[in-house]
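Participant: Quick one: sequence plus predicted model below, questions after.
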Amino acid sequence: MISGNAYNAIFIPSISNYGSFMGKDQISTLIIESDVAAQEHLKNLLGFYPMVSIIETASDTDVALLKVIDVNPDIIFLEYPVKGKTGKKIIKFIQTKLPNTTVVFVSKSKKYAVDAIRYEVYNYLLKPLVKTELGKILEKVQPDKQANLFNLIDEIIEKKQDDHRFKFTTAKGYTLINPNEILFCKAEGHYTELHFVNKNRELTNMFLSKIEQILNPFNFVRISRSTVVNKNYIRKVFPTTDTLILSVNGLEYEIKGSRLQMKALNRTDFE
C-alpha cells in the first residue's frame, strides 16, 4: 500500500483498436501513372483481387504526395522514370516516412532496373502489366503487412508493461516519474533528492525508505543509509573502497556506499 504522497499511476497506450487492426488484412494501393490507359489497365487488374480494398490514382508525383500522406498505402505503383517536380525525391520520402510501404517500379523498359536497385526498390514490373506478375507482388505484401501489424501490437503491449509512472510531491507541486528516468536517490534530512538521467534533480518530501519501497521492484538497491541507486546504470563496483560508478549518456557518477551493503551488492548479479 502506498501513501498519499505517491501512488502508482500507470499510463497505458490505448489498445481498443486491436479488433480493427486484426480485421484489417486488406491492401491499399496508390498508382502514380501519367498514361491514362496504363493507369486504367492497372486499376482493372487490381480489381480482380479481393484483398485490394483501396485503389487511389495520381497522374504525377506532385499530385501523389498528398495522397501518399493521406492514404498511407501498402503498395505504391510508381511509373518510372517518374513524372513531376518532386520527381525522385518522393522515393526517398516514402522509404523514410513509410518504411512498411512497398514501392513497385512500373516501366516500359528493363534498362531502368539498375536505377531500381540503386534506390533499393526490388519490385519491378514491365508494361503492359501481366496479371500473374502483379499477383505475386500482392501475395508477398499481404503476409508482410500482417507481420508488421503483429510487431506493432507487440510494441504497444511492451510499452504498456513498461510504462509505470509515479506521482511524487515536490516543492513546486508534483511530478510524474518513470523509474527508468531515475539514476539515484539521496536522503536529505526529512526529504529525498531524486537525481535523473537527464541531470535534473527534484526534492520530494518523502523519506528514502518509502521511495525505496516503491522503487525496489524496478531494479533499485540501497547501497547506504542515505542512497538508493538504479542497478541498470551500475558500470563498476570497487569493493575495496566501497564505491561504485553509475554511467549514463557518457557521464559517470561515483557513489559511496556502506561496507556491508556494498559487499551484499557485490554478491548479486545485475540482471
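Facilitator: Great, that's in hand. In this text, all values refer to a predicted model and were calculated from it rather than measured experimentally.
Participant: who's in contact with the one helix or strand L265 maps to?
Facilitator: Using DSSP states H and E, L265 falls within helix 259-266. For helix 259-266, contacts defined as CB atoms under 8 Å, 6 or more residues apart in numbering pick out 221-224, 237, 239, 242-244, 257. For glycine as for every other residue, the C-beta is placed from the backbone atoms N, C-alpha and C.
Participant: in the chain, which spans are helices?
Facilitator: 18-23, 36-46, 61-71, 89-97, 113-118, 131-162, 208-215, 259-266 (DSSP state H).
Participant: Please pick the buried ones from the contacts of helix 259-266.
Facilitator: 221-224, 237, 242, 244, 257 (16 or more other CB atoms under 10 Å).
Participant: picking up where we left off before, tell me which residues of the helix holding L265 come out buried.
Facilitator: 261-262, 265.
Participant: With distance to Y112 and pLDDT as extra columns, can I get those in a markdown table?
Facilitator: Converted to a markdown table, these look like this (distance: CB to CB, whole Å; pLDDT from 0 to 100):
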| residue | distance to Y112 | pLDDT |
| --- | --- | --- |
| Q261 | 68 | 86 |
| M262 | 66 | 84 |
| L265 | 63 | 79 |
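Participant: ok, and the closest non-adjacent residue to S226?
Facilitator: A187 (4.2 Å; CB to CB, 6 or more residues apart in numbering).
Participant: And for T240, the neighbour number?
Facilitator: Other residues within reach of T240, judged by other CB atoms under 10 Å, total 6.
Participant: related to what we said a few turns ago, okay, the buried ones among the contacts of helix 259-266 in a markdown table with pLDDT next?
Facilitator: A markdown table is the format used below for the buried ones among the contacts of helix 259-266 (pLDDT from 0 to 100):
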| residue | pLDDT |
| --- | --- |
| V221 | 92 |
| R222 | 92 |
| I223 | 92 |
| S224 | 93 |
| V237 | 89 |
| D242 | 91 |
| L244 | 92 |
| G257 | 91 |
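Participant: which one of these is nearest K199?
Facilitator: L244 (18.6 Å; CB to CB).
Participant: who does the closest one bridge with?
Facilitator: Counting by DSSP bridges, L244 is bridged to V237, I255.
Participant: which residues touch it?
Facilitator: 223, 229, 234, 236-238, 254-255, 257, 262, 265.
Participant: Ok, Y112 next?
Facilitator: 80-81, 105, 124.
Participant: can you rerun that using 7 Å?
Facilitator: Counting by CB atoms under 7 Å, 6 or more residues apart in numbering, Y112 touches 80-81, 105.
Participant: mind listing which of these are in strands?
Facilitator: F105 (DSSP state E).
Participant: ok so, going back, in TSV: the buried residues of helix 259-266, plus distance to K199.
Facilitator: Converted to TSV, the buried residues of helix 259-266 look like this (distance: CB to CB, whole Å):
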residue	distance to K199
Q261	26
M262	25
L265	24
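Participant: Among the contacts of helix 259-266, which ones are in strands?
Facilitator: Going by DSSP E, the strands hold 221-224, 237, 243-244 from the contacts of helix 259-266.
Participant: Let me have the contacts of L244 in CSV, adding distance to L194 as columns.
Facilitator: Formatted as CSV, those follow (distance: CB to CB, whole Å):
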residue, distance to L194
I223, 16
V229, 12
I234, 17
K236, 23
V237, 22
F238, 25
E254, 18
I255, 14
G257, 18
M262, 22
L265, 20
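Participant: If anything else comes up later, I'll come back, but that's it for now.
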